[in-house]
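Student: build me a structure from this.
(2 chains)
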Amino acid sequence: MRRFNLNLWLGGGLVLLVCVGAVFAPLLTSFDPVFDANLMYAEEPPDAQFWFGTDEQGRDVYTRVLYGARISLTVGIVSQIINSVIGLSLGISAAYWGGWWDDLVNGLTNTMLAVPSLIFALAIMAILGPGLPSLLIALGLTNWSWTCRIARSSTLSLKGQGYVLAARTLGYGDIRIMATQLLPNMVGPILVISTLGIGAAVLAEAALSFLGLGIRPPFPSWGSMLTGARELIVIAPWAAVFPGLAIFVTVLGFNLLGDGLRDLLDPHMRSRTA
Amino acid sequence: MSDAPLLDLRNLHVGIPGRGAPLDIVRDVGFTILPGEAFGLVGESGSGKSLTALSLIRLLKKPLAVSGGEILFKGEDLRNLSDKAMRRLRGDRIAMIFQEPMTALNPLKTVGRQIAEMFVLHRGMGWGEAQKRAVDALASVHVPAPEERVRAYPFQMSGGMRQRVMIAIALACDPDLLIADEPTTALDVTVQDEVLKLIAELCSARGTAVLLISHDLGVIANMCQRVGVMYQGRLVEERDTYDLFADPRHPYTQGLLGALPRLGSRHGEAGRQRLVDIDGMIADRESLSREFCSEARNPVRDPRQRAGGGA
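Tutor: Next up is the predicted model:
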């Protein structure tokens, strides 16, 4: 009997909650996140009509949090996919081919790890200007170094395996070996690091939007909602608390899910709890 | 045409290219394999058997490289082939099976898929047709219930079964030459025999030539028409198997044969035969490069002689 994997189920539950909120946002609220501004109802505390209260323009915070999940998840997932593609191709090819290419990729990875990725993303956003596409590019180009390292070390240990040598003697090309022999055998650790990466990207998106470089108001992003709510923190704390709570729940969910997946996929953990 | 050799290896040198004098690990090895023939290569660990085999299909690990000689396969020098052409040749015309059936299969793919991949890769078949051919291939290596076994993963099979799967993969495209690098070393003796018989049966049925690498003279004697004996990177003797066993010429071969235990030579009996041991270690790099390996290590030394007065 395996021990109940609390991290996996709790993390999965939280992520599922956020996903449902994002996908079914129009069904879960009757307001519009942008255009239903009404100064008559500005800064209302939470009640039966406005579950999470209203902000300084009288928009429903609950609605905006729901729609904000769409942006957070899109940015988190798409940028992590870009990161994974970059990290995997660089990491696997570097370890497989070795030589100057390995040195180059290693140098690049170490540089990326030395520069705080948020500062790097800030610089890219400053060049590209605010907006969803530039957010995806900025976050997709700055967080691949851990994936790259894991892909590289997995490849180093896998490429000595008999089946990789066997594949070469059977006439497989290099790219085919990387795609069909190496990649599938490292899915476990990559899945874990990617899940954690989504959480980090959600947080980074919130930070960039908070600084006004991500999603611009009036469109609802959790980060930019916090910017607007900062001045109201004493009068209308709900306008800041609920987006903050949403960020917290989402990032916690992905981190727990990542930990849970690691426990599930790591044979050492499995044998210990078996 | 039938007399033209399939593989004609001439003066093969394998070494580490360097700034100083080239350090050759395999030196001046040459032999021929006729179509459909089984050729054995024996020698102790480190004598260059596997390096010779790997250099045929250009899979030497850096910094090792072929530093001289010709590798004529069907009359064409493989050393002049482009990497792409070489890759097409591997698995299609020259296939190879390895010692460890436990690791030579990808653990995440069904064996059927791994066999089918050969047809897709080298024959350009679609997956559906290739899967059907995989069942036939699995049946040809006598795996029971092949229709079900194509969906099995390697971990669900025993070592002998996995080696059969490897043979099925290697022979999928009817290669002209099968290189078997110690194919049975990791298997227990009864399975060993079955696998060797299988290789012999399939290869003679298809006219596939075999280059069998082993340190087991018994295996070679059963399988091969001709044998090459490798010793410290050189081919010291190349003969018909029968002649070699009847009348070994090189002192190292005599030593190898003398080191084989014979049934009935029991300790304490009158006419007992003492096993000859081969003294010393494999020569190291310096002595190899200074070309005095024959002095560094006397291949056959009578144990009594050593006890008496040393070297």
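Student: helix, strand, or coil at B:Glu70?
Tutor: Here B:Glu70 is strand, with the state taken from DSSP: H, G, I helix; E, B strand; the rest coil.
Student: give me the pLDDT for it.
Tutor: Per-residue pLDDT puts B:Glu70 at 89.
Student: distance of it from chain A?
Tutor: Distance of B:Glu70 to chain A, given as C-beta to the nearest C-beta, to the nearest Å: 21 Å. Where C-beta positions appear, they are placed from N, C-alpha and C, glycine not excepted.
Student: nearest residue to that residue other than its sequence neighbours?
Tutor: Spatially, and ignoring its direct neighbours in sequence, B:Glu70 is nearest to B:Arg10 (4.4 Å; C-beta to C-beta, 6 or more residues apart in numbering or on different chains).
Student: name whatever forms a beta bridge with B:Val42.
Tutor: Counting by DSSP bridges, B:Val42 forms beta bridges with B:Ser214, B:Val229.
Student: and it, how many neighbours does it have?
Tutor: Residues near B:Val42, counting by other C-beta atoms under 10 Å in any protein chain shown, number 25.
Student: so what does the helix or strand that contains B:Arg10 touch, helix or strand wise?
Tutor: Assigned by DSSP states H and E, B:Arg10 falls within strand B:7-16. If you count contacts as 3 or more C-beta pairs under 8 Å, 6 or more residues apart in numbering or on different chains; DSSP states H and E, strand B:7-16 packs onto strand B:23-33, helix B:49-56, strand B:65-73.
Student: once you drop chain neighbours, what's closest to residue 185?
Tutor: Reading this off chain A. Sequence neighbours aside, A:Leu158 is the residue nearest to A:Asn185 in space, at 5.5 Å (criterion: C-beta to C-beta, 6+ apart).
Student: correction: the question concerned chain B.
Tutor: Distances taken as C-beta to C-beta, 6+ apart put B:Gln99 closest to B:Thr185, at 5.0 Å, once the chain neighbours are dropped.
Student: so the one you found, which state does it fall into?
Tutor: Per three-state DSSP, B:Gln99 ends up coil.
Student: any idea how far it lies from B:Gln163?
Tutor: Going from B:Gln99 to B:Gln163 by C-beta to C-beta, to the nearest Å gives 9 Å.
Student: likewise B:Lys49?
Tutor: Taking C-beta to C-beta, one finds B:Lys49 at 19 Å from B:Gln163.
Student: out of those two, which sits in the busier spot?
Tutor: Per other C-beta under 10 Å, whichever of B:Lys49 and B:Gln163 has more neighbours is B:Gln163, with 30 against 27.
Student: for the helix or strand containing A:Ser224, buried residues please.
Tutor: Here A:Ser224 sits within helix A:222-230, counting by DSSP H and E. For helix A:222-230, burial by neighbour count (16 or more other C-beta atoms under 10 Å in any protein chain shown) applies to A:Trp222, A:Gly223, A:Ser224, A:Met225, A:Leu226, A:Thr227, A:Gly228, A:Ala229.
Student: please apply the same query to stretch B:217-232.
Tutor: Under the neighbour-count rule (16+ other C-beta under 10 Å), stretch B:217-232 has B:217, B:219-224, B:226-232 buried.
Student: out of those, list just those in helices.
Tutor: In helices, defined here by DSSP state H, the members of the buried residues of stretch B:217-232 are B:Leu217, B:Val219, B:Ile220, B:Ala221, B:Asn222, B:Met223.
Student: as a markdown table, the residues you listed with distance to B:Leu54 and pLDDT would be great.
Tutor: Formatted as a markdown table, those follow (distance: C-beta to C-beta, whole Å; pLDDT from 0 to 100):
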| residue | distance to B:Leu54 | pLDDT |
| --- | --- | --- |
| B:Leu217 | 22 | 83 |
| B:Val219 | 20 | 85 |
| B:Ile220 | 19 | 87 |
| B:Ala221 | 25 | 86 |
| B:Asn222 | 24 | 84 |
| B:Met223 | 21 | 87 |
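Student: now, which of the residues you listed sits nearest A:Asp259?
Tutor: Nearest to A:Asp259 among these is B:Val219, at 51.5 Å by C-beta to C-beta.
Student: separation between that closest one and chain A?
Tutor: 20 Å.
Student: was I right to think that residue contacts B:Leu196?
Tutor: Yes. Counting by C-beta atoms under 8 Å, B:Val219 does reach B:Leu196; the two are 6.3 Å apart.
Student: what is in contact with the two at once?
Tutor: B:Thr184 (C-beta atoms under 8 Å, 6 or more residues apart in numbering or on different chains).
Student: all helices for the chain, in order.
Tutor: Here I'm looking at chain A. Using DSSP H, the helices of chain A run over A:6-23, A:25-28, A:61-97, A:99-114, A:117-128, A:132-140, A:145-158, A:162-169, A:174-177, A:187-210, A:222-230, A:238-265, A:267-273.
Student: you answered for a different chain; I wanted chain B.
Tutor: In chain B, the helices defined using DSSP H lie at B:49-56, B:83-89, B:111-123, B:127-140, B:146-149, B:159-170, B:189-206, B:217-223, B:241-246, B:251-258, B:285-289, B:293-296, B:303-309.
Student: still on that earlier bit, of the buried residues of helix A:222-230, closest to B:Ile71?
Tutor: Proximity to B:Ile71 was ranked across the buried residues of helix A:222-230 by C-beta to C-beta; first place goes to A:Gly223, at 64.2 Å.
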